[in-house]
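>>> predicted structure and sequence below. I'll ask about it afterward.
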Amino acid sequence: MSAIDENHLHADPGIDGHHPHHPTSAAAAGPLQRERATTIFQKGAPGRRAFVSPPLDVPMPPPEELLPPRFRREQPPRLPEVSEPEIVRHYVGISKRNFDLDSGFYPLGSCTMKHNPRLHERAAALAGHARLHPLQDPERAQGALELMFNLQGALSEISGLPHVSLQPSAGSHGELAGVLLTRAYHEDRGETRRKVLTPDTAHGTNPATVTMAGLEVVKLATNPDGGIDLDDLRAKADADVACLMLTNPNTLGLFDPNIEEIAQIVHGVGATLYYDGANLNAVMGLSRPGDMGFDIVHFNLHKSFTQPHGGGGPGSGPIAVSERIAPFLPRPVVARDDDGTFALEHDREPGSKSIGRLRGFHGNYGCFVRSYAYICSLGADGLKDASEAAVLNANYLLARLREKGVAEHLPLAYGELCMHEFVLSGGPMKRALKIKTLDLAKRLLDFGFHPPTVYFPLLVDEALMVEPTETETKETLDAFADAIAQILAEAAADPEIALGAPYATPVRRLDEVAAAKRPVIRQALD
Amino acid sequence: MSAIDENHLHADPGIDGHHPHHPTSAAAAGPLQRERATTIFQKGAPGRRAFVSPPLDVPMPPPEELLPPRFRREQPPRLPEVSEPEIVRHYVGISKRNFDLDSGFYPLGSCTMKHNPRLHERAAALAGHARLHPLQDPERAQGALELMFNLQGALSEISGLPHVSLQPSAGSHGELAGVLLTRAYHEDRGETRRKVLTPDTAHGTNPATVTMAGLEVVKLATNPDGGIDLDDLRAKADADVACLMLTNPNTLGLFDPNIEEIAQIVHGVGATLYYDGANLNAVMGLSRPGDMGFDIVHFNLHKSFTQPHGGGGPGSGPIAVSERIAPFLPRPVVARDDDGTFALEHDREPGSKSIGRLRGFHGNYGCFVRSYAYICSLGADGLKDASEAAVLNANYLLARLREKGVAEHLPLAYGELCMHEFVLSGGPMKRALKIKTLDLAKRLLDFGFHPPTVYFPLLVDEALMVEPTETETKETLDAFADAIAQILAEAAADPEIALGAPYATPVRRLDEVAAAKRPVIRQALD
Amino acid sequence: MLAAIGVSSVQEIFDRQIPEGVRLGRELDLPQGLSEQEVFAHLSELAARNVSAEDELSFLGAGMYDHYVPALIDMLTERSEFLTPYTPYQPEISQGGLQVMFEYQTAISELTGLPVSNASTYEGPSAVAAAAYLAKLHNSKRRLVVSAALHPHAIETLHTLAHGYDMEVVEVPLAAAASGAGAGVTDAAAWAAAIDADTSAAIFAQPNFYGAVEDAAALSAAAKSAGDPVVIAQVDPITLGILRPPGACGVDVAVGEGQPLGNRLDFGGPSFGLFAAREEYLRRMPGRIAGETVDVDGRRGFVLTLQTREQHIRREKATSNICTAQALNALAGVVYLAWLGRRGIVELGELLLARTHYARETLAALPGVHKLHDQPVIREFALRMTAPDGSCVDDVAAIRRRCLAQGVNPGVDVHALSAREQDRGVLLVAITEKRSRADIDRLAEVLGAAVAAERDQAAGPAPVTDEAVPA
Amino acid sequence: MLAAIGVSSVQEIFDRQIPEGVRLGRELDLPQGLSEQEVFAHLSELAARNVSAEDELSFLGAGMYDHYVPALIDMLTERSEFLTPYTPYQPEISQGGLQVMFEYQTAISELTGLPVSNASTYEGPSAVAAAAYLAKLHNSKRRLVVSAALHPHAIETLHTLAHGYDMEVVEVPLAAAASGAGAGVTDAAAWAAAIDADTSAAIFAQPNFYGAVEDAAALSAAAKSAGDPVVIAQVDPITLGILRPPGACGVDVAVGEGQPLGNRLDFGGPSFGLFAAREEYLRRMPGRIAGETVDVDGRRGFVLTLQTREQHIRREKATSNICTAQALNALAGVVYLAWLGRRGIVELGELLLARTHYARETLAALPGVHKLHDQPVIREFALRMTAPDGSCVDDVAAIRRRCLAQGVNPGVDVHALSAREQDRGVLLVAITEKRSRADIDRLAEVLGAAVAAERDQAAGPAPVTDEAVPA
Ligand SMILES: Cc1ncc(COP(=O)(O)O)c(C=O)c1O
Ligand SMILES: Cc1ncc(COP(=O)(O)O)c(C=O)c1O
């Protein structure tokens, strides 16, 4: 079915032409829809298996001697009993029930779904990287440490901040590190600041992080241009403010023109400025958070630096910080000794100000390999080109969506131009055409597109947040714009089509309320 | 669509229930069907590219000096102009228009579509195998030569014949080697024998090979039990017969019970006996061609020894021969020297009787790695188990298809039991239900199964040749049998359904006549 | 494209949006781009300067282990359909990923004997801290009692995060060597004593960092009778084929490092953290959870469920800030478990048990090498190196260096990892199914020689040239 | 299952079918089966005993070349959808594979400048023999005239197969060194003289085995005026971005080894053979051909076409016996060509041209090292090693051994490959885009020293210890 099988940009998105008002009829059911989901636990048969054990080549003392019965499990866990061919068929089969970036356009705002070059997978799979134990002696892991050192350096240069920790496991983990760093910084100065300012456009991880770090969220208003409301900021910036967390360009895809003044205000009250780097793809080589006045930045290597998203991770969320924050960085970091060798610097001295570790070992090294490969491939010029192309693509697509027929229904929420992404409002569409942003999104599935991010940022009515990235062609952008126009035209004629969408997906709209009300979160076994 | 997306064995094979007699209506079109095929040459835009050249790091003399204009190409070949993301999307997209073994049952008779363990791909990809140059000095390729030596040994043991050449590139290449060996053998004895006997059940490559090797095909009749007609054989076996080519079990899935007598007759007139090893999967560790009296055997590593079929290759067709044929073997072969090192034995002495090379280098080594891994995994016991399971599965599926409702329409063509495959006749079905074997096959596509081999062997009316292999589960065999029964029942009610099938595939029945009449075999470019 | 936008250059788009003062105005100080083959050559060269588990006979463990990863895992995780999508926000086109989560949750629930599992957290140590946060949300108490026999990284992470939670961490020491159980296990008396009514969570590891099988049921029971903490166990999933599962030992929340389940070493990440709990914690769990439901036509399907726990809905009231987690690693985990299967996980457990036992007995028979404790061990165990006078050898590093020179990495120098006094002289040795008896015997030979040489050297100077052959 | 079949054991199924006299009755004399990890360890150990192009600085070529294979090829060829189906007998569910064939045919047609291409043959040398068979079918003549500057394996294969075709092979020698062009190219006069009215095909290689660019147009024209043979060129596809294509040189059939196009070395196979021709040969081509058509609903689609040429339809009257060919390798080939693209194939050609020229000039400047010929070269060239007295060095092997000891594989000892007198003292050096200028300079250094040492040794005994350091 279209949504998951092909990037068929010019396809007829296929509701049965003869029955436009009965789109849910069995006639329209695609073949994957006829297949009922069956888990691996429901397959196989007793005694089947894939694993063959290596031989028992040591003496076998009585089992009780090795592990007394009171420690022993009584019944084996009811794992599947399946052969290798069955496992392969099962997972290859369900993989086909996924839409993916290699199969079509994925303009998911705030997520930077750029192409993932396969070179990176090849490099990361080299035994010297993939089979390197994290506790290998540093002298015997010099290649890995050099890679991390170089990556630290590149991220430092890109962010304009001198010190980097690669440890955090994802963006929100980086945020947590950042807020804890801020706390440590203030505490070190004998201050207990409790408030963290976050604009109402902020990503959910920002406020959630603040709470987990024991601080308190104070919301900042957005001005009519989509930037921080400076008056609100001035009013709230007081001595109890620990930090302002900002995304710039923000989640509206807009670069805050007052960023210098914002920094001044925040620093003026002794607070730190935190940069949520999820939108860094707009400004690589063009503008640097450090130069804007930020003290702490997190990177999402899985966004700007093309670590594949894996269906929801793994990611990696390194942070870069200014000098004043550096003493508090999580340890270890990688340092180069005078003799050119690389070392893990632990800082275990008694007076250490480090906030400590955030996780085991050194961070998601496998992601570092990929992002480092990406930085090497693009280089200084290529990174800038990538951001320029990302912004060009976004503005072109925006221009296409500001054409007549679309713009009246889906106006740009703020601004005129945009950076790497933009946010439309589905409010007029909802009022005029009686379909919501959700319906538009679901109908896009039938056209073989992943929908944009929907209902975020929260301050935009019926928000639709579109991020095309630099690796898409003009043909794809045009096809997407055409699809939006077609869906709107179709809705003008008959809103039921979108309201009932999708039709061509392995399953159609799912009952999320029932799922949450009586959660079934594992396969029942007998 | 079902056929290529899921091994959905219990799915409703979905013709629109409301319009059973209008299955070709647009209403039934699946989404992949709405996508028009577009080649990579029709994508991209001028100037786009994936390749980035390494730097020119040497002096660049004037181009004419390096390559005079008369040798130069005037216009670059019109290759595609596409970026890496476009290439990935294109080929990932068209890959989804293929049915494959990892996605469903593939009982293609005579092809042994058994599971391809991924271990083999991993092993073959090791740089020590994949990046080994064929002209590496033998002392520096000892691992590869040992692997080839061990594989030669294993194939020798499995076939019961002492000498092996790994050189042929596929089964039919092995046949060509075999017939040339036979010719060389007779010529060496001063005889010019012109005739090669092939049963009418023989695979097309056998007679085609005979012609290419300059000999003449003489057909042998099949007796009512499905074996060689001994009288016909006796009548035709004369001093001008060079060879009898036989598949045993033959292409009816039957082991010739007279094999010993056949060998006697053939050897009695001084001819050689050639074993087409395509069906070896029935008898590994159970019966050996050498012990049956065969002089020359080819193996299809891509069948019995699970080299993935790749959409039509690569394969590999090693041959094993008896002592009397050995002097004529293609060279080089791998030998072990007294000191335990391995060498490529060329036999370039003036008196060499070798027929010479059949191709460059040493054969399809990448396939050797996989098949050797397979033999190591299974071992002596496992190979026998595999053949036993293959035969058990075939007989079970046969039994299921001899149930009422099926057997009257699709009787077993010959015999009672079978070996690893069996051949049904669709003749009664055609007469009673008005659908042909082709229609049944096409309708199976809608059920998500690859059809069996059809219209082969030629002597069976409306033949359907089914080879389930040992790596399928009973559940799969049952589902397939159920599907056949369902299609027959459906045809009894309405033959039009099968006659119009398939419905759920990316394209439906294709006009092969038009394709052959005015062949369009490349993308037109302007 | 520029015409459609209404600008004359790309530069103009930036100039109109980014204030001049914060434009970079120069090129980044980074090397220029390279061709694919050059990048690959560079990354290969870096890889070649690492000694991987392929390049030496390695007994390193302490949290990540060189288990065999079956080839089908690579094939599946490299499929575009699993590798390149993001979090399944659009369930209609993400049933593959959602079903994988559901199956993963089932497998983890089975392994741990606990009814609910999330779809993954980052990795092992941070999962411990995440469990502590769950306890905080659950009972709003302030004390975290943790066994000192946890992985040091887990303890350190807990300290870091507890500061954010405004909670206090109390470490329960190891039992003294003189006690019945020997050193290397949690001191049961101290454990019970540390837990009070204000204790939010009581945390131990099973098997613990020193490889010892703890008396999990006893620790849980003691905790419950000393207060009302959430009992958290950090477990090693590969042992759960043979070890009594946490759900059957009174544990409330089980967390652990998932790497042993079909994930690469990757110099420490990415892997995944498993997180399972009793039913009552379900609505406070961190991370994604896939749930079963039906679509408008009644077809079975899966969705992300209980999202009101999550940051994108609940923002500052979320139960966790986690967003991107470890879906692909969890996929590898569940495929690995399917590959092992119901029998395989037991067989593998028994093999590890037997080999580890053999290794421990063989090594502990060497002069100067002693078991740290007598508890059962499954795939890892701690040894203490002593000088001839019986005092513990400070310089495990020197012994290790001698082994490394022979191509054998004998395991982890625990003091170098933890910097804790209790860990001086301790070597942690991991045995996976890839380490055969012959490998273990080779380790015994090399380690025996290394310890002997160090003891000799301690006794007086002697040349070591014959051992200093590079690997 | 047995009950359904109506037997009491599997054994019975066999006993009832296989005569007792030919039952094996014992176990095969092979080792017992192994676990996946053991098999992988064994195959890894074998791999480790090969010196691959990753382990040395290699200038080996002579038919297969260490070009860079982009990562996306592995990803695509490893997709189940391409890896595991067989020949597309059922076109409705094989459009992916069929379209790949159609695209491949287009790419080969573009490269060669010839209108028709099949979907692949086995590999290079056997493709030459297959082309000869096409000539036989076309004109029923008996003589095959072949340049001695073909790859020796191609000539040997042609001899083997020609015996089956009942055809005679006549080799045209190389031009003598004294001639204008130097040695290493086909002797134009002998070529013209060898071709007569009974000549079925005239075969040359472009560039030829010695790396020389032949005057293809002249050879074709000469052949056509000397008789009416099918003119067959064995071409190297990677050169066709810059070299005049066979279709523009009067060639009728172009064949060649496809390995340089995105295929691994694999110790010599599998790869693919390309096969393209003028329109008039279409219905006698060997192998699969995909053709465009429409389905019953008018959709564009692809099928295997012109199957009446093939063995499964025409049996003894087929134009070839080929069945399983090299579909997956051809897929790698067309993906590689798409990756290079219209510009890339030219840029790559220019880079190879420049580097190869540099390498030839640099090496030929070494004492005792000479160009074999003066023809232009693109990615490979032949050198002749001479003793100080100007005679050719017999022992290229000794020179190579000295280089190998330095980690440099200087190329192919041609005489060892061909055993032809003409090839004594000849070293064939291949340059790919992976061999940088620095690599070439290193080769020059090592080869220069090796030749000098051999010349010294020829002059009198001298110790070579300082060079015999293992790599
Ligand atoms: C603006 C913004 N901030 C933070 C995050 C959190 O990053 P991660 O998912 O890597 O934890 C995201 C990612 O979705 C984001 O879009
Ligand atoms: C019985 C039989 N013989 C010979 C062959 C030819 O083998 P290959 O396709 O490897 O050339 C086949 C394969 O299809 C076959 O089934």
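Done, it's in. Ligands and ions are numbered 1, 2, ... in the order given.

>>> tell me how many other residues surround A:Gly340.
Residues near A:Gly340, counting by other Cβ atoms under 10 Å in any protein chain shown, number 8. In this view, the C-beta of every residue, glycine as well, is placed from N, C-alpha and C.

>>> then C:Gln457?
15.

>>> and it, how far from A:Asn258?
As judged by Cβ to Cβ, to the nearest Å, C:Gln457 and A:Asn258 stand 68 Å apart.

>>> doesn't C:Tyr68 belong to a strand?
No. Using DSSP: H, G, I helix; E, B strand; the rest coil, the secondary structure at C:Tyr68 is coil, not a strand.

>>> thought it was touching C:Lys434?
Yes. C:Tyr68 lies in contact with C:Lys434 (Cβ atoms under 8 Å); the separation is 5.6 Å.

>>> hey, what's in contact with both of these two?
Counting by Cβ atoms under 8 Å, 6 or more residues apart in numbering or on different chains, the common neighbours of C:Tyr68 and C:Lys434 are D:Gln37.

>>> now C:Glu335: which helix or strand?
Let me fix one detail, which is that residue C:335 is Val and not Glu. helix C:327-364 (DSSP states H and E).

>>> mind checking how far that helix is from the chain centre?
15 Å (Cα atoms, centre = their mean, to the nearest Å).

>>> swap in stretch C:388-404?
Taking mean C-alpha positions (Cα atoms, centre = their mean), stretch C:388-404 and its chain are 27 Å apart.

>>> what about that stretch and chain A, touching?
Yes. Judged by Cβ under 8 Å from any Cβ of the partner chain, stretch C:388-404 and chain A are in contact via C:Arg400, C:Leu404.

>>> relative to C:Gly341, how far out is A:Ser83?
For A:Ser83, the distance to C:Gly341 - Cβ to Cβ - is 9 Å.

>>> nearest residue to the residue most central in space within chain A other than its sequence neighbours?
In chain A, the residue lying closest to the centroid (Cα atoms, centre = their mean) is A:Cys111, at 4.7 Å. What sits nearest to A:Cys111 in space, not counting adjacent residues and going by Cβ to Cβ, 6 or more residues apart in numbering or on different chains, is C:Tyr86, at 5.4 Å.

>>> show the contacting residues for that neighbour.
Counting by Cβ under 8 Å, 6+ apart, C:Tyr86 touches A:Tyr106, A:Leu108, A:Cys111, A:Met113, A:His309, A:Gly311, A:Gly312.

>>> same thing but at 7 Å, please
C:Tyr86 is in contact with A:Leu108, A:Cys111, A:Met113, A:His309, A:Gly312, counting by Cβ atoms under 7 Å, 6 or more residues apart in numbering or on different chains.

>>> kindly report the same for A:Tyr374.
Contacts of A:Tyr374 by Cβ under 7 Å, 6+ apart are A:His120, A:Phe305, A:Thr306.

>>> any stretches of chain A with poor pLDDT?
A:1-34 (pLDDT under 70).

>>> quick check, C:Ala305 in contact with A:Pro519.
Heads up, residue C:305 is Thr, not Ala. Yes. Between C:Thr305 and A:Pro519 there is a contact under Cβ atoms under 7 Å: 5.7 Å.

>>> identify the contacts common to the two.
Counting by Cβ under 7 Å, 6+ apart, the residues touching both C:Thr305 and A:Pro519 are C:Gly291.

>>> with neighbour numbers in mind, choose between these two.
More crowded of C:Thr305 and A:Pro519, by other Cβ under 10 Å: C:Thr305, with 25 against 19.

>>> please report how far that one lies from C:Glu280.
17 Å.

>>> A:Phe449: how many residues sit nearby?
Neighbourhood size, A:Phe449 [other Cβ under 10 Å]: 26.

>>> what does C:Gln11 give?
Neighbours around C:Gln11, by other Cβ under 10 Å: 11.

>>> who are the packing partners of the helix or strand where it lies?
Following DSSP H and E, one finds C:Gln11 within helix C:10-15. Helices and strands touching helix C:10-15, by 3 or more Cβ pairs under 7 Å, 6 or more residues apart in numbering or on different chains; DSSP states H and E, are helix A:365-401.

>>> surely C:Ala217 is in contact with C:Cys249?
Yes. Between C:Ala217 and C:Cys249 there is a contact at 4.3 Å, judged by Cβ under 7 Å.

>>> of the two, who's got more company?
Using other Cβ under 10 Å, the more surrounded residue of C:Ala217 and C:Cys249 is C:Cys249, with 23 against 16.

>>> let me see the contact set for whatever residue of the stretch 151-300 of chain A ends up closest to ligand 2.
Of all residues in the stretch 151-300 of chain A, A:Leu151 sits closest to ligand 2, at 48.9 Å by Cβ to the nearest ligand atom. For A:Leu151, the contact set (Cβ under 7 Å, 6+ apart) comprises A:Leu166, A:Phe368, A:Ser371, A:Tyr372.

>>> next up, the contacts around the first one.
When contacts are counted by Cβ under 7 Å, 6+ apart, A:Leu166 is found next to A:Met148, A:Leu151, A:Gln152, A:Pro318, A:His362, A:Gly363, A:Phe368.

>>> secondary structure element for the closest residue to the last one other than its chain neighbours?
So the one you mean is A:Phe368. Excluding its sequence neighbours, the residue lying closest to A:Phe368 (Cβ to Cβ, 6+ apart) is A:Leu151, at 5.3 Å. In this structure, A:Leu151 sits in helix A:142-159 according to DSSP H and E.

>>> that helix vs helix A:365-401, what angle?
30 degrees (axes from the mean of the first three to the mean of the last three Cα atoms, to 10 degrees).

>>> next structured bit after helix A:142-159?
Sequence-wise, the next helix or strand downstream of helix A:142-159 (DSSP H and E) is strand A:163-165.

>>> hmm, back to that, next one: the residue nearest to A:Phe368 from ligand 1, what distance?
According to Cβ to the nearest ligand atom, to the nearest Å, A:Leu151 and ligand 1 sit 17 Å apart.

>>> that residue and A:Pro318, how far apart?
8 Å.

>>> next, see if stretch A:226-244 gets close to chain C.
No. Judged by Cβ under 7 Å from any Cβ of the partner chain, stretch A:226-244 and chain C are separated, with a smallest distance of 10.9 Å.

>>> show the end-to-end separation of that stretch, please.
Using Cα to Cα, to the nearest Å, the span of stretch A:226-244 from its first residue to its last is 17 Å.

>>> surely A:Tyr320 forms part of a helix?
Quick fix: residue A:320 is Ala, not Tyr. No. With three-state DSSP as the criterion, A:Ala320 is strand rather than part of a helix.

>>> show me what contacts the closest residue to C:Val377 other than its chain neighbours?
Nearest residue to C:Val377 in three dimensions, chain neighbours excluded: C:Gly211, at 4.4 Å (Cβ to Cβ, 6+ apart). Neighbour list for C:Gly211: C:Val377, C:Glu380, C:Phe381, C:Ala382, C:Leu428 [criterion: Cβ under 7 Å, 6+ apart].

>>> who does whatever helix or strand the third one lives in pair up with?
With the criterion set as DSSP H and E, the secondary-structure element containing C:Phe381 is strand C:380-385. Taking DSSP bridges as the criterion, strand C:380-385 sits next to strand C:369-371 (antiparallel), strand C:426-430 (antiparallel) in its sheet.

>>> dump it to PDB, keeping only the CA atoms.
Only the C-alpha atoms of strand C:380-385 are listed here, as PDB (Å, rounded to 0.1, in the frame of the first residue of the first chain):
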ATOM      1  CA  GLU C 380      31.600 -13.000  35.700                       C
ATOM      2  CA  PHE C 381      33.600 -13.200  38.900                       C
ATOM      3  CA  ALA C 382      36.000 -11.100  40.900                       C
ATOM      4  CA  LEU C 383      39.400 -12.200  42.000                       C
ATOM      5  CA  ARG C 384      41.700 -10.600  44.500                       C
ATOM      6  CA  MET C 385      45.400 -10.600  43.800                       C
END
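
>>> next, the angle strand C:426-430 makes with the helix or strand following it.
On the C-terminal side of strand C:380-385, the nearest following helix or strand under DSSP H and E is helix C:396-404. Per the same axes, to 10 degrees, the angle that helix C:396-404 makes with strand C:426-430 is 40 degrees.
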